[in-house]
Each structure stands twice: as structure tokens, then as C-alpha cells.
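Undergrad: Attaching a predicted model along with its sequence, questions to come.
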Amino acid sequence: MSATHPIIAITGSSGAGTSTTTLAFAQIFRQLGIKAAFVEGDSFHRYTRPEMDVAIRKAREQGRHISYFGPEANDFEQLAGFMQEYGETGTGKFRRYLHTFDEAVPYNQMPGTFTPWQELEDNTDLLFYEGLHGAVKNGETDVSKHIDFLIGMVPIVNLEWIQKLVRDTSERGHSREAVSDSIVRSMDDYINFITPQFSRTHINFQRVPLVDTSNPFSAKNIPSLDESLLVIRFRGIKNMDFPYLLSMIDGAFMSRMNTIVVPGGKMGFAMELILTPLIRQLMATGKIA
Ligand SMILES: Nc1ncnc2c1ncn2[C@@H]1O[C@H](COP(=O)(O)OP(=O)(O)OP(=O)(O)O)[C@@H](O)[C@H]1O
Ligand SMILES: O=C(CO)[C@H](O)[C@H](O)COP(=O)(O)O
């Protein structure tokens, strides 16, 4: 935790929408005049795509599974060390995992490889992490304790799978079978390392579709925002002004004492209304609670 160099993390499974939501944060940072360092969780994968293919095959031969959700394929210690360093000094090294040709070509590299490690820009006001493991814990390693504001992006699982399937087949060049296989292979790590994080977050945003997603593996497109509701759950944040939110967001209602539901189409507006004062408070006091 750091008042001088605060860290915000948005955490979600693969396909949850953390990259998409980063745009909303970038907009808030611009409005508040905050210079943020942006880091993607995929930087901390251990393997390139070809190396991961080999690791998956080897694990399978040994009757085991390895997935992008677990510690075998991600360096949690390095991620925790990176967070600690930024919190203490505002510095740190990052790299990018290039998923697509569009991302890779400017670096003259292949998809599924990493850019070289590089230093974060100097004099940033905060660090923004988006990825799989912003609130992960494994034994002695605890990434969550270094984060000042933790947010979960968690569509219900059928929607998450549809988002992953559509994105991975249309943008990342994977077959439907390969994506289904990776979902099956990731299930143990999903339960052990991904879902527990959402009990450590300050806010979870859970998109719930209002259209039939019973067979996510046959879906051709992603239910739209207007075809969904957004369930927003708060933990440990004092003085959240729910009456204000209800008066500002048309169609919003409370489903529990700490939970507000808003129409999906209001997602961006709701995020801006909720997050802007909290980020302002984080910058002023180093805390949001
Ligand atoms: N609120 C939303 N409404 C409609 N589509 C969405 C929404 N959020 C995400 N998507 C779509 O879902 C897919 C996955 O989103 P995104 O790439 O942001 O996920 P991610 O969490 O960054 O995944 P990964 O960690 O695997 O990169 C994308 O095609 C994106 O356009
Ligand atoms: O998004 C992911 C995890 O967050 C991907 O599953 C992981 O980064 C591997 O990517 P690719 O399938 O493009 O090699």
C-alpha cells in the first residue's frame, strides 16, 4: 500500500473485459490530470506462445494441466515484487505480450512473444494494472496487499466464455476447439487462483446478460451492453452515496445493502460516477476506504 505511489488494479479472467474497461480508466485519468503508468498482467507470463504449447504438451504427458491462470505459467513473485517496487519508489520494469499480428508488427516480432523488458516512464502519479492476477495470493506471495484500489471485472461465466471465444477466434487466430480446450484445461487454476481474488476486491462489476447464453460454445456474437445488466458490489468503502447514484443513473436499483444494479447501457457512466471520486480520494489520501 502506498500513498506516494498508489496502485489501481483491475482484475478479471481471460475475456472478462479488463482491456476494454481500461479505456474508461484512461478517460478518468485524463479528466483528473493524472499521469498513469499502464501495465498488462500478461507481461508476467513465463512463456511465449510456442513455449507454452510445449509446456502444455509436457504437462499433459505427465497427466497434469497447465494454464495461463496459474503459477506455473505466471511469475507471481515477480509480479508482487514489481508492485512492491512501484509502491515504494514509483519505478519498475514491464514488457508486453503481443497477442496479434497488429500488435506484433510494429515491434517486428511474431504474435505470442514478449517485447524486451523496459523501465516505466519517470514521474507517474499512479500505476494501473489490468490483467489476470491483481489480487492473487499463493502461499507467501501476496500481490493483493500491494494494491490500493482493487476492482474485479467479472461477467457471469457463460458471458465470459462467449467474450473469450469470440475474441480469441476473431482476433487472436485460435480455433473454437483450441479455445474450448483452454477453458477446460484452465478450470482448476480458475477455481484456485482466479475466483478467490473477487473476495479481495473493493468493487466488482459483474455483467449479466438478459439474452439466452445457455450454450456459450455455440455463440456467434457477444451480447451487447443494452442486452445486459451490470451488478456492482462494494466492499469496505465507507460513505458510498447510493442515493446519489440511484438519482443519477436512470433505471438503477439496489439489490442488496452493498449492491447496486444498473442497465448495461449505463456501464460507462456508472463507472465514471463511482470511480472518479474514489480515484480523486486515492490521489489525495493514498486510500479509498
Ligand atoms: N462490456 C462489454 N460489452 C461488449 N463486449 C465486451 C464488453 N467487455 C468486453 N467485451 C468484449 O469481450 C472481448 C474480451 O474483452 P477484453 O479483450 O477486454 O478481455 P480481457 O479481460 O482483456 O481478456 P485477456 O486478459 O484475455 O486479454 C472483447 O472482444 C471485447 O470487445
Ligand atoms: O489473455 C490471455 C490471458 O489473459 C491469454 O490466454 C494469454 O495471454 C495467451 O494469449 P494467446 O492465446 O494470445 O497466446
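TA: Cool, got the structure. Ligands and ions are numbered 1, 2, ... in the order given.
Undergrad: going forward, measure contacts between C-alpha atoms and count neighbours the same way
TA: OK.
Undergrad: surely residue 279 meets residue 285?
TA: No: with contact defined as CA atoms under 8 Å, residue 279 does not count as touching residue 285 (9.9 Å).
Undergrad: Tell me which of these two has more neighbours.
TA: Between residue 279 and residue 285, residue 279 has the larger neighbour count (other CA atoms under 10 Å), namely 22 against 14.
Undergrad: out of everything not next to it in sequence, what's closest to that one?
TA: Leaving out its chain neighbours, the residue that sits closest to residue 279 by CA to CA, 6 or more residues apart in numbering is residue 288, at 7.4 Å.
Undergrad: Show me what the helix or strand residue 272 falls within is packed up against.
TA: Secondary structure from DSSP states H and E places residue 272 in helix 267-285. Counting contacts by 3 or more CA pairs under 8 Å, 6 or more residues apart in numbering; DSSP states H and E, helix 267-285 packs against helix 18-32, helix 242-248.
Undergrad: Please list the residues of the stretch 101-250 of the chain that sit near ligand 2.
TA: Those residues of the stretch 101-250 of the chain that sit near ligand 2, judged by CA under 6 Å from any ligand atom, are 112, 132, 172.
Undergrad: By neighbours, which of those wins?
TA: residue 132 (29 neighbours).
Undergrad: What does the pLDDT read for that one?
TA: Per-residue confidence at residue 132 stands at 98 (pLDDT).
Undergrad: show me the contacts for it.
TA: Counting by CA atoms under 8 Å, 6 or more residues apart in numbering, residue 132 touches 11-14, 41-42, 69, 194.
Undergrad: Angles on the backbone of it, please.
TA: Here is the backbone geometry of residue 132 (degrees, to the nearest 10): phi -80, psi -30.
Undergrad: and the nearest residue to residue 100 once chain neighbours are set aside, helix, strand or coil?
TA: Distance criterion CA to CA, 6+ apart; nearest residue to residue 100, sequence neighbours excluded, is residue 111 at 5.0 Å. Secondary structure assignment for residue 111 (DSSP: H, G, I helix; E, B strand; the rest coil): coil.
Undergrad: quick one: contacts for residue 111?
TA: Contacts of residue 111 (CA under 8 Å, 6+ apart): 49, 98-101, 103-104.
Undergrad: Next one: it relative to ligand 1, how far apart?
TA: For residue 111, the distance to ligand 1 (CA to the nearest ligand atom, to the nearest Å) stands at 13 Å.
Undergrad: ok, now residue 50?
TA: 17 Å.
Undergrad: Give me the phi and psi angles of the closest residue in space to that residue that isn't next to it in sequence.
TA: Computed as CA to CA, 6+ apart, the closest residue to residue 50 that is not its neighbour in sequence is residue 112, at 7.4 Å. Dihedral pair for residue 112: phi 90, psi 20, per degrees, to the nearest 10.
Undergrad: Can you tell me how far the residue nearest to residue 133 when sequence neighbours are not counted is from residue 143?
TA: Spatial nearest neighbour of residue 133, excluding adjacent residues (CA to CA, 6+ apart): residue 11 at 6.1 Å. Residue 11 sits 12 Å away from residue 143, taking CA to CA, to the nearest Å as the criterion.
Undergrad: Looking at those two now, which is surrounded by more residues?
TA: Neighbour count, other CA under 10 Å: between residue 11 and residue 143, residue 11 has more, with 29 against 22.
Undergrad: Who are the contact partners of that one?
TA: Shown in contact with residue 11 (CA under 8 Å, 6+ apart): 18, 130-135, 150-153.
Undergrad: that's a strand at residue 127, yeah?
TA: Yes: assigned with three-state DSSP, residue 127 falls within a strand.
Undergrad: need the strands for the stretch 51-200 of the chain, in chain order.
TA: 93-94, 97-98, 113-114, 118-119, 126-131, 137-138, 141-142, 149-153 (DSSP state E, counting those that start in this stretch).
Undergrad: what about the second one and ligand 2, any contact?
TA: Okay, so that is strand 97-98. No: using CA under 6 Å from any ligand atom, strand 97-98 stays clear of ligand 2, coming no nearer than 7.0 Å.
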